[in-house]
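A.B. asks: When you get a sec, could you give me coordinates for this:
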Amino acid sequence: MLDIKGSPQETPSPEVNSQAKAVDAPIQDTPATAAVSASVATAAAAMSATTPVPAIVPATTVTPGVAAASTTPATPTTPAAPAAPAAVSNDVATPSSAPTTAEPEATATPSTPAFSPTSPVITPARPTVALTFSETIMDETSDTEVMDEPAQVEDVMLPKKSEAIGASLKENGTEPMEVDEIRTEVDEIRMQRNKIEELEMDNINLRVQLEDTVNEKRSVGEELNRTRGAYHDLHRQHMELQQKLAKRDRDYDVMSKNYLEHVRLIRATDDDHSTIMERLTQLKVSIEHLIRKAQGGRSVNLNKEAALEHFKSSGLLEAFPVPEDKLEPYHLNLYMESVVMSTLVSRFFDKPLCCVFEHNQGFKEIYDWMLARNQKLAVRWRQQLCVMLTQDPITRARQEEEVTATAKTLSELITNVYANANELAKIRDICNRAFELAIAMTALESVISPTSVPLGTQFDEENMGSSLKSNPDGKVALVIFPAFRDSECAFDVRPKVWCH
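C.D. replies: Got it, this is the predicted structure:
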């Protein structure tokens, strides 16, 4: 037995409002919902036949306090005694300004199947259902307001009815199986709708991402095409540069060959300032070693009388600061070094062009004339003549003659001054190196020539080299090895002197 009443001027509870809001979403009609609607309509007709209900009830919205009947069609039975109103936890009072309330009741018992026209009781097939409708009767003003909103009836859809009926039946323990099925279908439909909405949102997002990806792909494709075009241009330029580089390499080889041929034509040797300085140093050391070896230990091989005789004949002994009777062996040995170097200078180094050139005097006159007018042409002409002399076979023969004659003269002098001295081979080697060195110094752009230091010059430690037992504070008394310089002062070999 279920008794649902509505009390006048009573506001809906929050629980009922939450249940009503939960079933607001409309759903599609199903066979189960159609059966429930038919049952509710039959119960309402039976009630109207026995108890008068104001005309506003069918036209207005059914209030949340109305309980739904069973989905099974009802059969009329004999009326029973009115039951006392039962308290329901979810009673909802219909808002209204009228206090008048109609309370039709219907009871049904499964033991009396007879039908009475005066009773609105509906007996379902399976359970026994008692419906008590409590409706608030509104005044004219409320009726007018309700009649002006006929759309409220359509707003209360089947899910709200089914929820209300299911809640009422559940309190009495008589909830039919169809309500559970309806709830399950409603939940499934809601879940499907939510899933569809989620899929639609995902589909929209995927479409946006697809469009962005397509645009990005288009941009990347355009950039790739530009990059390929730039690559092709760079490759073409690279090939052109490779061809130009290969052509320039060929031109450079030709120019290098021509340059080397041109240089060979104007340079008699491959010597430069560094190599010439090294060769002069080696020549000086060779002369020192020659005299040291010829004199023997403690100058035992020195013939002092022969050395003094040669010293006097040179004219240097008169200006020498040491008297003749006080000369020591080292004085005579230093003098013999200066004699050998002086002979090499006079025979090889102190010549306008070369010692074997027959026209040295004429060359000097022509060279001085050209040098005063065009220095480059004069230098080039001198260098070309040096190249011709080195390549001339006759010059080679005359070189041998000159070297042999000079070596023989020096060897006789050394043998006369130093007893038991036989240094012809070494003297010949010294003379041969002096000859080649003289041509190399003449063939340079700036000629390197020997420069003697005047006797009596104060010793200069920066520009001079001292010899054995030389006074660093004295004056130059003997020039053992002359200085070698060029006209531009780019080359300078210090002289070796003895000071007193």
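A.B. asks: after the helix or strand containing residue 224 comes which helix or strand?
C.D. replies: Element membership for residue 224, per DSSP states H and E: helix 177-266. For helix 177-266, the following helix or strand on the C-terminal side (DSSP H and E) is helix 273-295.
A.B. asks: tell me the average confidence for that next one?
C.D. replies: Mean pLDDT, helix 273-295: 93.
A.B. asks: Could the C-alpha coordinates of the following helix or strand past it be exported in CSV?
C.D. replies: Remark: after helix 273-295, the chain's next helix or strand is helix 304-314, criterion DSSP H and E. What follows is helix 304-314, C-alpha atoms only, in CSV (Å, rounded to 0.1, in the frame of the first residue of the first chain):
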residue,chain,number,x,y,z
LYS,A,304,161.2,32.4,-39.1
GLU,A,305,163.8,33.8,-41.5
ALA,A,306,161.6,33.0,-44.6
ALA,A,307,158.6,34.4,-42.9
LEU,A,308,160.4,37.6,-41.9
GLU,A,309,161.7,38.0,-45.5
HIS,A,310,158.2,37.7,-46.9
PHE,A,311,156.9,40.0,-44.2
LYS,A,312,159.4,42.7,-45.2
SER,A,313,158.7,42.3,-48.9
SER,A,314,155.0,43.0,-48.4
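A.B. asks: Which neighbouring elements make contact with helix 304-314?
C.D. replies: In terms of contacts (3 or more CB pairs under 8 Å, 6 or more residues apart in numbering; DSSP states H and E), helix 304-314 is packed against helix 329-344, helix 393-417. C-beta: built from backbone N, CA, C; applies to glycine.
A.B. asks: the domain parsing of the protein - what is it?
C.D. replies: 14-175, 194-258, 267-499 (automatic domain parsing).
A.B. asks: To residue 475, which of the helices and strands packed on helix 304-314 lies closest?
C.D. replies: With respect to residue 475, and counting by CB to CB, the nearest of these is helix 329-344 at 15.5 Å.
A.B. asks: Tell me the helix or strand right after the longest strand along the chain.
C.D. replies: In the chain, assigned by DSSP state E, the strand with the most residues is strand 476-481. Where DSSP H and E defines the elements, the next helix or strand beyond strand 476-481 is strand 483-486.
A.B. asks: average pLDDT across that following strand?
C.D. replies: Per-residue scores along strand 483-486 average to 94.
A.B. asks: How about stretch 442-453?
C.D. replies: On average, stretch 442-453 scores 92.
A.B. asks: Pretty sure residue 454 sits in a helix.
C.D. replies: No. Secondary structure assignment (DSSP: H, G, I helix; E, B strand; the rest coil) places residue 454 in coil, not in a helix.
A.B. asks: Contacts only, for it.
C.D. replies: By CB atoms under 8 Å, 6 or more residues apart in numbering, the contact set of residue 454 is residue 476.
A.B. asks: quick one on the thing from earlier: quick check: which of the helices and strands packed on helix 304-314 is nearest to residue 199?
C.D. replies: Using CB to CB, those put helix 393-417 closest to residue 199, at 108.4 Å.
A.B. asks: Give the other helices and strands that that closest one contacts.
C.D. replies: helix 273-295, helix 304-314, helix 329-344, helix 424-442.
A.B. asks: Out of the ones you listed, flag the one nearest residue 184.
C.D. replies: Using CB to CB, the nearest of the helices and strands packed on helix 393-417 to residue 184 is helix 273-295, at 110.6 Å.
A.B. asks: got the angle for that closest one vs helix 329-344?
C.D. replies: 130 degrees (axes from the mean of the first three to the mean of the last three CA atoms, to 10 degrees).
A.B. asks: could you say what helices and strands helix 273-295 packs with?
C.D. replies: helix 329-344, helix 393-417, helix 424-442, strand 492-493.
A.B. asks: And the second one, what's buried?
C.D. replies: Meaning helix 393-417. Across helix 393-417, burial judged by 16 or more other CB atoms under 10 Å covers 395, 398-399, 402-403, 406-407, 410-411, 413-415, 417.
A.B. asks: Which one of the residues you listed is nearest to residue 450?
C.D. replies: Using CB to CB, the buried residues of helix 393-417 come closest to residue 450 at residue 406, 15.7 Å.
A.B. asks: Distance of the closest one relative to residue 346?
C.D. replies: 9 Å (CB to CB, to the nearest Å).
A.B. asks: Residue 300 too?
C.D. replies: Taken as CB to CB, the span from residue 300 to residue 346 is 30 Å.
A.B. asks: Please name whichever of the helices and strands packed on helix 304-314 is nearest to residue 185.
C.D. replies: helix 393-417 (127.9 Å).
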